[in-house]
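A.B. asks: okay, sequence plus prediction incoming.
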Amino acid sequence: MDPVSTSPTASAAPIAFLKGHGTENDFVIIPDPDNVIDLPAHAVAALCDRRAGIGGDGLLHVVRSAAHPEARDLAGEAEWFMDYRNADGSVAEMCGNGVRVFARYLRRAGLAEPGDLAVATRGGVKKVHLAKGTGADDGDITVDMGRAALPGGEVTVTVDGRATTARNVNMGNPHAVTFVEDLALAGTLFAAPAVTPATAYPDGVNVEFVVDRGPRHVAMRVHERGSGETRSCGTGACAVAVAAARRDGVDPAATGEPVTYTVDLPGGRLVVTERPDGGIEMTGPAVIVAEGHLEPTWQATAFG
């Protein structure tokens, strides 16, 4: 179904929400086709609060592209815009796991059919493939994540006084990928690791710590800016796969052959393929776990 959204005032009808996750990277979903819900940062943070709210690593605001000022220019390419917010309420360009969950919601609500789907994001239009022959709530989802940019310059990540070099990878949002001998060397990740130079990431950065598990098989932990350590990060997995390929001396643009890496995250497994044309495809699950309406008194307080 496509829940009807209303303006979040004390007298308004309760706002509809869903809860979903992709490899345990979890999200609050707010369907709002006509973009009538104001989502200030403090309201998003309240919704994502794991003790006093619904809980999530971020929020997926589901809006028609034509109804959102940041996406109107993309309406001809993609009907739907993923207005993504971090758990602290800050705005973010993209979220790879979020795109899969966003697509799962559209399919569940009858707003998308199996096959190819375009989703507008602040990181550009992403092409999603919903496997045919699967139901609205099952089957892996593949996202064309676009190309990775590899800005030059040396980057260093420091945790507990231990510095390691990192590769700067941009997947529509920024990543610093560092390879370590043990994922425990990432520390607790309660706070953002120190990354230098600061000028490399003026808007903050997601930091991935990576170990090898086998040929073209890695495992990672990630600190997402604005959210802390999360169970999974789709753009981070893509950044890790590209960084691992370059470290291993593999560049599909040079070889003419695609390269695929399996990426294990605390919340599950993603498969990432980089094509010779530079495009990156990520495949993994997406699950809707609950839906309902906000309690009116809580809603009025959270949005007030």
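C.D. replies: Okay, I see it. Residues are numbered from 1 along each chain as shown.
A.B. asks: could you pull out the strands for the stretch 201-304 of the chain?
C.D. replies: If DSSP state E, counting those that start in this stretch is used as the criterion, the strands of the stretch 201-304 of the chain fall at 206-214, 217-224, 228-230, 259-265, 268-274, 279-284, 287-293.
A.B. asks: what pairs with the second one, parallel or antiparallel?
C.D. replies: For strand 217-224, sheet partners with direction are given as strand 206-214 (antiparallel), strand 228-230 (antiparallel), strand 259-265 (parallel), following DSSP bridges.
A.B. asks: could I get the phi/psi values of the residue nearest the centre of the chain?
C.D. replies: The centre of the chain sits closest to Cys95, judged by Cα atoms, centre = their mean, with a distance of 1.9 Å. When read as degrees, to the nearest 10, the backbone of Cys95 gives phi -150, psi 110.
A.B. asks: spell out, range by range, the strands that occur in the stretch 1-150 of the chain.
C.D. replies: Using DSSP E, counting those that start in this stretch, strands in the stretch 1-150 of the chain cover 16-22, 25-31, 58-64, 80-86, 115-121, 124-130, 141-147.
A.B. asks: mean neighbour count, the ones you listed: which tops it?
C.D. replies: Most buried of these, by mean neighbour count (mean count of other Cβ atoms under 10 Å): strand 25-31, with a mean of 26. No exception for glycine: its C-beta is placed from N, CA and C like everyone else's.
A.B. asks: what lines up beside it in the sheet?
C.D. replies: Strand 25-31 pairs in its sheet with strand 16-22 (antiparallel), strand 58-64 (parallel), by DSSP bridges.
A.B. asks: pull the distance from the first one to the chain's centre.
C.D. replies: Averaging C-alpha coordinates over strand 16-22 and over its chain gives two centres that are 14 Å apart (Cα atoms, centre = their mean, to the nearest Å).
A.B. asks: domain parsing for the chain?
C.D. replies: As assigned by automatic domain parsing, the chain contains the domains 16-140+287-303, 155-284.
A.B. asks: looking at the strands paired with strand 25-31, which is closest to Gly256?
C.D. replies: Taking Cβ to Cβ, strand 16-22 is the member of those nearest to Gly256, at 31.1 Å.
A.B. asks: residues in contact with that closest one?
C.D. replies: Here strand 16-22 makes contact (Cβ atoms under 8 Å, 6 or more residues apart in numbering) with 3-5, 26-31, 47, 54-56, 60, 96-98, 100-101, 104-105, 232, 234, 267, 284-294.
A.B. asks: for Ala198, grab the count of nearby residues.
C.D. replies: By other Cβ atoms under 10 Å, 10 other residues sit near Ala198.
A.B. asks: and Ala254, by the same measure?
C.D. replies: 9.
A.B. asks: Ala52 now?
C.D. replies: Ala52, neighbours per other Cβ under 10 Å, totals 11.
A.B. asks: give me the pLDDT for the closest residue to it other than its chain neighbours.
C.D. replies: Spatial nearest neighbour of Ala52, chain neighbours left out: Ala46 (7.0 Å); criterion: Cβ to Cβ, 6 or more residues apart in numbering. With respect to pLDDT, Ala46 has a value of 98.
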